[in-house]
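[1] Could you look at this predicted model? Sequence included:
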Amino acid sequence: MKKYLDLLRVKQWVKNAFIFLPYFFDGNTLDSSTIMNLMLGFFAFSGVTSSIYVLNDIIDRRDDENHPLKKHRPIAAKKITLKRAGIIGILVLSISLIYFLILSVMLYSLF
């Protein structure tokens, strides 16, 4: 399981929390539907960024194999096959885009 979390770079998701800042600095009160929409947006955005990390690791795998730090990444270390990584990347991207679609429909219906 760890190799898949490393592949998706879940540790990097903390940077995506910046999508919450405009809401809090706007001075709005906290309501559950807005927080839920922000959470959906956060996970969808994080999924898209993860799929980009996977694509980058697939493209750079040969260079990463020779890099002192990057050689430990799941694809460069051959812990995950290219085929499996590609399937995971496409699956995560598809789920994220569906999340974005659902979120946009939910937000559009509010206005």
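    That came through, no problem.
[2] Once you drop chain neighbours, what's closest to L55?
    Nearest residue to L55, sequence neighbours excluded (CB to CB, 6 or more residues apart in numbering): G89, at 5.8 Å. (Each C-beta comes from the backbone N, C-alpha and C, glycine too.)
[3] give the contact list for that neighbour.
    50-51, 54-55, 58 (CB atoms under 8 Å, 6 or more residues apart in numbering).
[4] From K78, how far off is it?
    If you measure G89 against K78 using CB to CB, to the nearest Å, the figure is 17 Å.
[5] quick one: which of the contacts of G89 is nearest Y108?
    Sorting the contacts of G89 by distance to Y108 puts S51 at the head of the list, at 24.5 Å, by CB to CB.
[6] Tell me the confidence at that closest one?
    Predicted confidence (pLDDT) at S51: the value is 96.
[7] From the contact counts, what lies against the one helix or strand it maps to?
    Using DSSP states H and E, S51 falls within helix 32-59. For helix 32-59, the contact count by 3 or more CB pairs under 8 Å, 6 or more residues apart in numbering; DSSP states H and E identifies helix 2-8, helix 82-110 as packing neighbours.
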